[in-house]
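Asker: need a 3D model of the sequence below.
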Amino acid sequence: MDNHKLKLSILDLATIYNHESASETLHNSVKLAQHADRLGYTRYWFAEHHNAEFQMSTSPDVLGAHVAAVTENIRIGSGGIMLPNHSPLKVAENFSLLEALNPKRIDLGIGRAPGTDGLTALALRRSRESVTGYDFPEQLDELLSYFSGNFSPEHPFKNIRASAEQLIPDIYMLGSSDGGMRFASENGLGFVFAAHIAPHLAMQMLKAYRDNFKPSYFLQKPKSALAIIVIAAETDEEAAYLAAPAELQWVRWGTGQFTLAPPTLEEADNYVYTPQEEQVRQENRGRFVIGSVENVEKKLRALAEQAKVDEIMILNMLTEEKTRHRSFELLADAFELKT
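Answerer: Sure, this is the predicted structure:
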């Protein structure tokens, strides 16, 4: 792979760190997106989570609309829209609007999970049948048909239009198993694999996507990316220190501790892991790429080559604004994103 062709992008959960206010957290996300825009990153995506006390990314389309308006070149989108929570028509309408406002800069990443607990999913959807049943294939087909205008003649919605013009964002399926991969390859969509969720499946699923890809109205050739947590600094020691809160957070999630606030740098640096927690911490190593920018660059290029992708999407989990911005600056320089 050509060293100068590896693209970098950012996935943001809009996490509340260091007891910030919700407004401060969202403002920090906006500033990071603007910084990434200046640095030459390819895209900036917001996740969708609900009823999460320390995450503010409940509406990627609303956040995306604001961030797109204050950036110039970077693509803005969802990583993803959790389609089971939404009407396909409304998703098509919202992303058509975003595409009209920001031509050739909007991405629609689609997920199959609710991004929340069952009760919250019920509150979102207002129908027990939509929570207990499974109609994602029909939902996805409906959504894609709004964009392509290619409903079957017998479909009841065949005369409904999502927009006055045909406005189509770039469309991706998200996945951490073979489910998302199959929908992406069967429907000819882009595919982003969440290696921070299932690192052991990443290479297998990305290969299967390429091998099974069927050209579509939306995409003629496979287009894939690998998502992972990346923390780069001037030295390996500094990176390990800065990564400690993210490591501790994932250990807590892995041991059922979901209600604690994201740890601070000081808390994580002084934390003593139990033997069980230390085992989980070691098992989590594959979710992260941590180190000096020189070592991170080598690891990311190797991962991209192994995965046969030309883009790495970085899950932003640095707790401090200054070091967060610096990490992305170092990576932008190392990968010559502006050239």
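
Asker: and the helices in the chain?
Answerer: 22-39, 60-69, 88-101, 118-125, 128-132, 136-148, 178-187, 202-212, 236-254, 265-270, 275-283, 293-307, 321-334 (DSSP state H).

Asker: for residue 77, find the nearest of the ones you listed.
Answerer: Distance to residue 77, taken as C-beta to C-beta, is lowest for helix 60-69 among these, at 6.1 Å. Every C-beta, even on glycine, is put in place using the N, C-alpha and C of the backbone.

Asker: buried stuff in that closest one?
Answerer: By 16 or more other C-beta atoms under 10 Å, the buried positions in helix 60-69 come out as 60, 61, 63, 64, 65, 67, 68.

Asker: try stretch 276-290
Answerer: Within stretch 276-290, the residues scored as buried using 16+ other C-beta under 10 Å are 277, 280, 281, 284, 287, 288, 289, 290.

Asker: separation between residue 57 and residue 23?
Answerer: Residue 57 sits 14 Å away from residue 23, going by C-beta to C-beta, to the nearest Å.

Asker: those two: which is more packed in?
Answerer: Remark: of residue 57 and residue 23, residue 57 carries more neighbours, 25 against 9, as counted by other C-beta atoms under 10 Å.

Asker: now the more buried one. Its backbone dihedrals?
Answerer: According to degrees, to the nearest 10, the main-chain angles of residue 57 amount to phi -90, psi 70.

Asker: which residue packs closest to the residue nearest to the spatial centre of the chain, ignoring adjacent ones?
Answerer: With distances taken as C-alpha atoms, centre = their mean, the chain has residue 79 as the residue nearest its mean C-alpha position (3.5 Å). Leaving aside its sequence neighbours, residue 79 sits nearest to residue 45 (C-beta to C-beta, 6 or more residues apart in numbering; 3.3 Å).

Asker: for the one you found, what are its contacts?
Answerer: 9-12, 60, 76-80, 107, 109, 313 (C-beta atoms under 8 Å, 6 or more residues apart in numbering).

Asker: and of the residues you listed, the nearest to residue 221?
Answerer: If you rank the contacts of residue 45 by distance to residue 221 using C-beta to C-beta, residue 107 comes first, at 17.1 Å.

Asker: which residues touch the closest one?
Answerer: Residue 107 touches 43, 45, 75, 76, 77, 78, 169, 170, 171, 172, counting by C-beta under 8 Å, 6+ apart.

Asker: just the pLDDT for the closest residue to it other than its chain neighbours.
Answerer: In this structure, residue 107 finds its nearest non-sequential neighbour in residue 77, 2.8 Å apart by C-beta to C-beta, 6+ apart. Listed pLDDT for residue 77 reads 98.

Asker: measure residue 77 to residue 27 for me?
Answerer: Per C-beta to C-beta, residue 77 is found 20 Å from residue 27.

Asker: now swap in residue 298 and tell me
Answerer: Counting by C-beta to C-beta, the separation of residue 298 from residue 27 is 34 Å.

Asker: could you tell me the least trusted of the helices of the chain?
Answerer: Between those, the one with the least mean pLDDT is helix 128-132; it has a mean of 61.

Asker: isn't residue 195 right up against residue 285?
Answerer: No. Residue 195 is not in contact with residue 285 according to C-beta atoms under 8 Å; the separation is 11.9 Å.

Asker: neighbour-wise, which of residue 77 and residue 27 wins?
Answerer: Comparing residue 77 with residue 27 by other C-beta under 10 Å, the one with more neighbours is residue 77, at 28 against 13.
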